[in-house]
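1. this one's structure only:
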């Protein structure tokens, strides 16, 4: 049961309400986000929820059975739209195309790419600064100075940036320079980081773990929400299977299922999802047609010379063609009566 | 190396050619299909293939490195189109929609559904007669009399039929009543059955096994081809993974990869691929957009009353809507310049 | 519910009994094996089974909830022991060591190996004659003449043989020369073959499929049992996972679970289960310690020269050491009080 | 190439050595642990390593091809033994039995259990204080005060403790009360945490991630080692597969492979590895027989009343029996000549 509280509620009133729930055998958890205050009541006896809903300081009440009530679509039937600065939006009839290099390499790279992305109508640029690399001997990214450079160069061109954060300690130093924090697959169940990102007032792009179930992904999102941040974007990026002819198995089924189970936007990362440059576009279009709200794509001016992941990065010409087709596909998808 | 022989080649000429290959250390296998005769030469020393290609009785020669040369796209760069009776075609700019019940139940069911399918422009009807069921206590299908009924009722309405064969022994009795033989996931590596279906002059719809790699699927197709049958349709139907919120993980990556590796048509089975009725259409459209040549869909007049798989069968109204959307999606896909 | 019938039951009595079950809303299936006759009654109303159990022509009756009642341990709490000729036994306090080449190559190979195996106390020799190979261009085995040779050479040395059958059509011709029929992973859900092997009066060694669940494996065994053959040996041989540093993931968990769920003997195939010669022995011993009734091991006089699977075959010296250690391990395991 | 430096090396000498490596095109990384100083040189031209090895300030030099040189067995052929306080050791002919509750509940629980464990000869007690739970609404553990209680109660009884750390920020506060830090499956690729634990002078028990490959696990260990901590214990705890009849698939193959690839001790967690109380002991014994250096087992006085994971916890009597059998199994294993 989710009880959304009126901001005018007094501490006394809140305590009375919590007591009433306790008396009906509910466990109660308070959640305060940047937008709202909630009580999450679980367990408990059957009761007439209208008696609570009618209280003047209760704004809304819903019985939600899902184990992740706040991110569940049982609570909010309308898909959520995430608002960024400058009117940029993610979700609900907005096609989000997020593109950029796997790794931020230098100012010239970012500046050229940003100028190019602007001509394609892209508003969000991705780029790796702190790279979670399997080997301690691999290049680990440019670090904070690189982030400042990335942020400055992108913003100069009118773009906002998405970049990966690897641990709670980085939040403070990264905060001024990040528009959307990305949580990578390796941290998908790093609950301390998720909770800490709940304190942030910027959107979180949450990638699915290598073998994370959809229910676990939604639980992870619930950690961010109960931490205090409602701005969450789910990202399907491929799972691990026995198949060896590509990098990961992009889980197209996840798209309609996440959209049905949750009100959060769902984007896909076809670059990691298949990991083969000449097939990224096919699966990107397929995922948009299956209902995804956007894509996260790795591009590079000269993929064969990229510091990392060149084998799955599109060049500018391939990306231009993809953008055009993504828009056509998204238009068609929106014309179609939804199935569920 | 594939050497396609002229039909006018004499036995002596063929033996001379084989000897020449042996002398160059090649292993040689003769393959004779309904359409052509081939020599498959593997291993061997590097040699000037023009000396062979120029022989009057050699129609074509290609160096193909793939371990499944005959189904490989290195050999035939143009996608193959499979021809059925009455001008029905599968592959290459043809959208194939194959629909029908999981299990053929009775004449009335088939007749009603056939009439409905005709109004939707569908030309191929699927239906299970011999059902491979995990439990020996489950319903095993109507058997041969059911097949005759299915064939007669479908053909009366102008439809051709696709149905599953479970073993070599059934070929002869099923042959007169089947238009396309389906090999199910459980028999995907039943090489004796695959080889025997090579002797048949009707198309084979070959489903991927539960955890069959794409390379293994193409090897399985090569068994049918070397057996003598060039008319093969590949079908992605979902693989087994750790995820439990749906039935199988539909492998969208398989679509562009199979299209790149092979010249054979690739269709998908979204009904088994996700196994949830309200999401079948989303993934079906996604797969067409990703490049599939068609879909195989389970439908039922009253899914909740189906003998089997009702939970993943579309009703007639859902299917009507899907057909319309599949056509729009296929048109869009064909307008797009291919990526590879 | 399993009702084991007395052999003296008359057709009239049997029909009366079936009618009584029908009247209590049961579905009834008759199963007649080489050893016994059963009625399997499923569904139905709650009834006092003693009224049935007390009938003179009913030998035994058990309520079994498992969907695979006949192979379930709810029916037979004592593990089954499979009897072969010459007093050879598999299961229940018998350690079974089955060894031999991946592929039978020639008489000398078999004769040398048989003589060696006899010195190690081995009584069952494995060897591939009809090889299910992923590629149609790979060596497919010696065929029927090879089987005769294998059988004759092994028996001359006092060994019985286990070899793989690939389809129903082979049963008749293979029958005289086979002591234990092996069903391979690729045919683990080839229900027609399983049912046909139910008609055979020789034991069946049933391998788990590449991604077959344990429940599906037990259902497959139930197909053989309801077909009429009670002599079934289950074999865990590794499953497909994401891990690439070995061939398959040997599922040690399957051992205690299969032993708990079923009364059938459970052996393991460490050769395919890890696929790396220098680790076969470690996992073989681990599996015996975890409760397996035996092992199926590939050996070769000169592994590096084997026609197939040399990379996972033990040489004679490694195998000698393994046999000794298997015996010590099995003795220790038998001293330990069972856990469940 | 690993160059182990003599502690007497001067800064000038070190710089000269690094320059020499640079001049031979090597990348060089300095690693300083609590025990030693190393230069890790990768890439580079072929050179006579004796010229380096002969320098007085170079203690040892090895060419190691493995991408995780410091944890690789190519460098240290003898297995590593980890030394804890009070003479407790892990690895190399020592059987390690680590046992305790999933979650530390209260002082009485710990005290009773510690007294019991002492009678069984156990020296290391596990217990969860900070619990990584999939849901933010689940019990998250007792927190720091609970850790102090756990530490005090265990030490009072002569036991050292193993407990999970979830993020870098916890190191300082947990440090005084922890004997072995555990990194859980969800943090197996949290490289920031791994690197930070490199600064700690206490052993790290590193669990394999849900779908982490063995190579990735060894890379993760290399992060700890290059961070400065050589005391690493690898722990196999089951991987995610399609099989649903148990919790995880315990990867017995991982044991011999990790022992071959690395010099680090390898223990297994059968409690999570199968997740079924009545089968924990079978697989535990199997893993010891396959070469594991120890086990990590969840126990509870009254499993059915445990705060968490009661379904996979052994009671005291079951554990007593297991300890006895583990010792017998370990003795047998040590008598056997190793296979590789």
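-> The structure has been received and is ready for your questions. All values reported here derive from a predicted model rather than from experimental measurement.
2. Give me the neighbour count for the residue nearest to residue A:78 when sequence neighbours are not counted.
-> Nearest non-adjacent residue to residue A:78, counting by CB to CB, 6 or more residues apart in numbering or on different chains: residue A:263, 6.8 Å away. Just so you know, the C-beta spots here come from the backbone N, C-alpha and C atoms, and that holds for glycine as well. Around residue A:263 there are 20 other residues, counting by other CB atoms under 10 Å in any protein chain shown.
3. Up against chain D, what does chain A have?
-> A:27, A:29, A:40, A:42, A:67-68, A:132-137, A:166-169, A:186-187, A:189-193, A:195, A:209-212, A:215-216, A:219, A:222-223, A:226-227, A:240 (CB under 8 Å from any CB of the partner chain).
4. now do 7 Å
-> Residues of chain A lying close to chain D (CB under 7 Å from any CB of the partner chain) are A:29, A:42, A:67, A:132, A:134-137, A:166-169, A:186-187, A:189-192, A:210-211, A:216, A:219, A:222-223, A:226, A:240.
5. quick one, strands of the stretch 151-300 of chain A?
-> Listed in chain order, the strands of the stretch 151-300 of chain A (DSSP state E, counting those that start in this stretch) span residues A:160-165, A:180-183, A:204-207, A:232-236, A:266-268, A:294-298.
6. my bad, should have said the stretch 1-150 of chain A
-> Going by DSSP E, counting those that start in this stretch, the stretch 1-150 of chain A shows strands at A:2-5, A:26-32, A:37-43, A:58-62, A:82-83, A:89-90, A:96-100, A:124-126.
7. Export those strands to JSON lines and append columns for mean pLDDT, mean neighbour count and distance to chain C.
-> Output for the strands of the stretch 1-150 of chain A, formatted as JSON lines (pLDDT from 0 to 100; neighbours: other CB atoms under 10 Å in any protein chain shown; distance: least, CB to the nearest CB, whole Å):
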{"stretch": "strand A:2-5", "mean pLDDT": "96", "mean neighbour count": "20", "distance to chain C": "37"}
{"stretch": "strand A:26-32", "mean pLDDT": "94", "mean neighbour count": "16", "distance to chain C": "35"}
{"stretch": "strand A:37-43", "mean pLDDT": "93", "mean neighbour count": "19", "distance to chain C": "31"}
{"stretch": "strand A:58-62", "mean pLDDT": "94", "mean neighbour count": "17", "distance to chain C": "38"}
{"stretch": "strand A:82-83", "mean pLDDT": "96", "mean neighbour count": "18", "distance to chain C": "32"}
{"stretch": "strand A:89-90", "mean pLDDT": "96", "mean neighbour count": "20", "distance to chain C": "31"}
{"stretch": "strand A:96-100", "mean pLDDT": "98", "mean neighbour count": "25", "distance to chain C": "27"}
{"stretch": "strand A:124-126", "mean pLDDT": "98", "mean neighbour count": "25", "distance to chain C": "26"}
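8. Looking at the ones you listed, which is nearest to chain B?
-> strand A:96-100 (16.0 Å; CB to the nearest CB).
9. Sheet-wise, list the partners of that closest one with their directions.
-> Sheet pairing here is set by DSSP bridges, and for strand A:96-100 it gives strand A:124-126 (parallel), strand A:294-298 (parallel).
10. Need those strands in CSV (columns: distance to residue D:319).
-> Listed next are those as CSV, based on distance: least, CB to CB, whole Å:
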stretch, distance to residue D:319
strand A:124-126, 51
strand A:294-298, 49
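11. Please work out which helix or strand belonging to chain A has the smallest mean pLDDT.
-> When the helices and strands of chain A are compared on mean pLDDT, DSSP states H and E, helix A:50-53 comes out lowest with a mean of 90.
12. And it, what does it pack against?
-> Contact analysis of helix A:50-53 by 3 or more CB pairs under 7 Å, 6 or more residues apart in numbering or on different chains; DSSP states H and E lists strand A:58-62 as its packing neighbours.
13. quick one: strands adjacent to the strand it packs on?
-> For strand A:58-62, pairing defined by DSSP bridges yields strand A:2-5 (antiparallel).
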